[in-house]
Structure formats: structure tokens, C-alpha cells
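Asks: Next input, structure requested:
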Amino acid sequence: MGHLRYHRGMRTLASVLLAFLLVPSVVLAQAPPQGQAPAQQAEATPAPTTSPYMTKVQNGLRLAVGRDFDGALASLREAVGLDSAKPEAHYYIGEVQRMRGNLDDALGSFRTAAQNAQSTQQPGWRARAMQAIAETLERQPDKLADAREAWTAYARFADANREAASPEIARARIQAIDVVSEQEIAYVAVRERIAARERENAQAPQRQGQRRNQ
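Replies: Sure, this is the predicted structure:
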């Protein structure tokens, strides 16, 4: 299961990296008027540029896809140093930390990303970070109750921001957690009955001896 989750994470990072590479970071200027000379057109149209912050984020993604997690974290943290108020670098730091199995650190990074996205009014990134929080909690068996609360919060947000999030995903996960919780309760009850029966069986010879002595 962990092996599948690792490769799923790698595919996610690869697809996001491709999106960053295909979409320019700035919009080109409008085309110059007709009849303008080619040299004038080239001079009037600025080349697309990438901000230093986004350059660090993109580099971090490339390194993560190449499994250089230390290098990826270093580049992404440099991006945070350039602009700590944006959600992207914090989110991808959480992704790399989660892929390395550092779930508590990942939760902190995802929560920071969610807070930054809320402050900067980016519902898409907020939804992404909230989903990552719930998924990370769900990976920890002792935090299923916290995961359910996180999915419930995501569902409320998604109901109000359907263009950025899907409440159906959250409700499906809540239902799955409830099934697991019910199975765990049933298992505990069965285990208690088995333990009680074993105690009774262990005490049976002692009771038989007491009857003989009487």
C-alpha cells in the first residue's frame, strides 16, 4: 500500500510540474497594430518571464520528481524565503514531506498553505491544502476521528466553493471512515468476548479442583 501511495504521489508531482512548464507565468502583451515592422513587433512584445519565487518552486518540483528530496525541500524553502505568504511552496513542501513519511511535518506545511490561501483569497489552493490535510490524517490509524473532522470541514468549504472543490469526495471519505470505525468497534467487541472466554477456560481447572476438595 505504501509503495502504491509513493508512486501515486510521484505521478501527482509529475503532472503538476508539466502544468507549470506548459503555462507561462505572465500573459504576453497584446499584438502590435497591423503593418508594424517585424523588428518593431519583436521589440514591442516582451518575452515571458518567471518570478524568482516560481522558479524556485518549479526547481523544487523537478528535484522531487527526480527523487532528490533534500534538494527539493531546499529549493522550496528558498521559495518560502522569497515570499512566505504564498501557499504553493508550503503545499509542495508538505507533499515532499509526506512522500518521505514525515506525516506530522507534512500536516504543518499543509495547514500553513491552507491559511495562506485563505489570506490571499485563493480558494483552489485552499481546497487542495484542506484535502491534503484530511488525506494525511487518514493515513494515520490513530487519527481517523481527526481525519473525519478535516473531511467535514472540507465538505463545508466545498459546498460554498464548488468551482474549486468537490464535496462529493469529502462525503465519500467520511462514509468510508465511518465504515472502518464501525468495523473497529465490532472487532473490539469480538475481541473482548474472546478474551472473556479464554479467562473462563483458564479458570475452569481451578474451579474443578475446588469442587473435588469440597
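Asks: quick one: low-confidence ranges for the protein?
Replies: Along the chain, the model assigns pLDDT under 70 to residues 1-48, 184-197, 200, 204-214.
Asks: if you set the cut-off to 80 instead, what comes out?
Replies: Judged by pLDDT under 80, the chain has its weakly predicted residues at 1-49, 181, 183-214.
Asks: Could you point out the helix or strand that follows the helix or strand containing Gly60?
Replies: Assigned by DSSP states H and E, Gly60 belongs to helix 52-65. Going down the chain from helix 52-65, the next helix or strand is helix 69-82, by DSSP H and E.
Asks: For that next one, C-alpha coordinates in CSV please.
Replies: What follows is helix 69-82, C-alpha atoms only, in CSV (Å, rounded to 0.1, in the frame of the first residue of the first chain):
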residue,chain,number,x,y,z
PHE,A,69,14.0,15.1,-1.8
ASP,A,70,16.7,17.0,0.1
GLY,A,71,17.3,19.3,-2.9
ALA,A,72,13.6,19.7,-3.5
LEU,A,73,13.0,20.8,0.1
ALA,A,74,15.9,23.2,0.0
SER,A,75,14.6,24.9,-3.2
LEU,A,76,11.1,25.1,-1.9
ARG,A,77,12.2,26.6,1.3
GLU,A,78,14.2,29.2,-0.6
ALA,A,79,10.9,30.0,-2.3
VAL,A,80,9.3,30.4,1.1
GLY,A,81,12.2,32.8,2.0
LEU,A,82,11.3,34.9,-1.1
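Asks: and the angle from it to helix 52-65?
Replies: Using axes from the mean of the first three to the mean of the last three Cα atoms, to 10 degrees, the direction of helix 69-82 lies 170 degrees away from that of helix 52-65.
Asks: Tell me the helices and strands packed up against helix 69-82.
Replies: helix 52-65, helix 88-99 (3 or more Cβ pairs under 8 Å, 6 or more residues apart in numbering; DSSP states H and E). To be clear about C-beta, it is placed using only N, CA and C from the backbone, and glycine gets the same treatment.
Asks: contacts for the shortest one?
Replies: Pointing back at helix 88-99 there. Here helix 88-99 makes contact (Cβ atoms under 8 Å, 6 or more residues apart in numbering) with 6, 9-10, 12-13, 53-54, 56-57, 60-61, 64, 69, 72-73, 76-77, 79-80, 83, 103, 105-110, 112-113, 116, 125, 128-129, 132, 136.
Asks: which among those residues end up buried?
Replies: Neighbour-count burial (16 or more other Cβ atoms under 10 Å) is assigned, among the contacts of helix 88-99, to 13, 53-54, 56-57, 60-61, 64, 69, 72-73, 76, 79-80, 83, 105-107, 109-110, 112-113, 116, 125, 128-129, 132, 136.
Asks: Tell me which of the helices and strands packed on helix 69-82 sits nearest to Arg199.
Replies: helix 88-99 (42.9 Å; Cβ to Cβ).
Asks: That closest one to helix 69-82, inter-axis angle?
Replies: Going by the same axes, to 10 degrees, helix 88-99 makes 160 degrees with helix 69-82.
Asks: what's the next secondary structure element after helix 88-99?
Replies: Next along the chain after helix 88-99, taking DSSP H and E as the criterion, comes helix 103-119.
Asks: quick one: contacts of that following helix?
Replies: 84-88, 90-91, 93-95, 97-98, 123-126, 128-130, 132-133, 136-137, 139-140.
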